[in-house]
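Undergrad: Any chance you can model this:
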Amino acid sequence: MIQRKSHRIDFIDPCEMDTTSHFDQLLQAAAAQPEPQRLLFVFATAELPEDATPAQRARFAAGDGATLAPVICVDKGLEELVSFDALVAESRAAGSPWHVVFAAGLSGRDGQSPSAEQVEHALQTMVERVRGGMIGTLLALDRSGEALQFV
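TA: Numbering: from 1, shown residues only. Model prediction:
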């Protein structure tokens, strides 16, 4: 958990979730919180850096060794989320291809949802974490909704 001013980003430990729909579990966990929640999503694509070495290019071609680059970020209230498939369809309509989506919950305070400024700050924090490879505490899902673990 990261504490920032008057809001809190709750990072979900994917290792503590069972094998049923991780997305549905995320929704259930957010709904069970005492304060209103916004769910935050950062969609990222796997890419190869321009200055990659031949060895890095070979690993990338084999499906390994990519760099994750955020391409879309969005926040949603629980009432706006019907299913993972609907979220994927919305992201496709935005036009940017992606390989992994990272998710976290943002808690409100005193019965109020987080402000737009709090949401923007939290999303920027998540984007920076993805760019910096600090993703161990974020829920990561592939395009089919399967949980991912990075080693």
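Undergrad: any low-confidence regions in the protein?
TA: The chain contains residues with pLDDT under 70 at 1-20.
Undergrad: how about the helices in it?
TA: Along the chain, the segments classed as helices by DSSP state H run 22-31, 54-61, 84-94, 116-131.
Undergrad: between those helices, which one is nearest to Leu68?
TA: Counting by Cβ to Cβ, Leu68 lies closest to helix 116-131 out of the helices of the chain; the figure is 5.6 Å. All C-beta spots, glycine's among them, are computed from the backbone N, C-alpha and C.
Undergrad: helices or strands up against the closest one?
TA: Packing partners of helix 116-131 (3 or more Cβ pairs under 8 Å, 6 or more residues apart in numbering; DSSP states H and E): strand 2-4, strand 7-10, strand 37-47, strand 67-77, strand 100-107.
Undergrad: which residues does the residue positioned nearest the centre of the chain contact?
TA: Nearest to the mean C-alpha position of the chain, by Cα atoms, centre = their mean, lies Phe102 at 1.7 Å. If you count contacts by Cβ atoms under 8 Å, 6 or more residues apart in numbering, Phe102 has them with Phe41, Val42, Phe43, Ala44, Met126, Arg129, Val130, Ile135, Leu138, Leu139, Ala140.
Undergrad: Kindly recompute the last result at 6 Å.
TA: Val42, Val130, Leu138, Ala140 (Cβ atoms under 6 Å, 6 or more residues apart in numbering).
Undergrad: what's the closest of the helices of the chain to Val71?
TA: Closest approach to Val71 among the helices of the chain is made by helix 84-94 (8.7 Å; Cβ to Cβ).
Undergrad: Tell me which residues of that closest one come out buried.
TA: With burial defined by 16 or more other Cβ atoms under 10 Å, the residues of helix 84-94 counted as buried are Phe84, Leu87, Val88, Glu90, Ser91.
Undergrad: burial measure for the nearest residue in space to Arg59 that is not next to it in sequence, as a count.
TA: Nearest residue to Arg59 in three dimensions, chain neighbours excluded: Gly65, at 3.5 Å (Cβ to Cβ, 6 or more residues apart in numbering). Neighbour count of Gly65, defined by other Cβ atoms under 10 Å: 16.
Undergrad: This completes my enquiry, with thanks.
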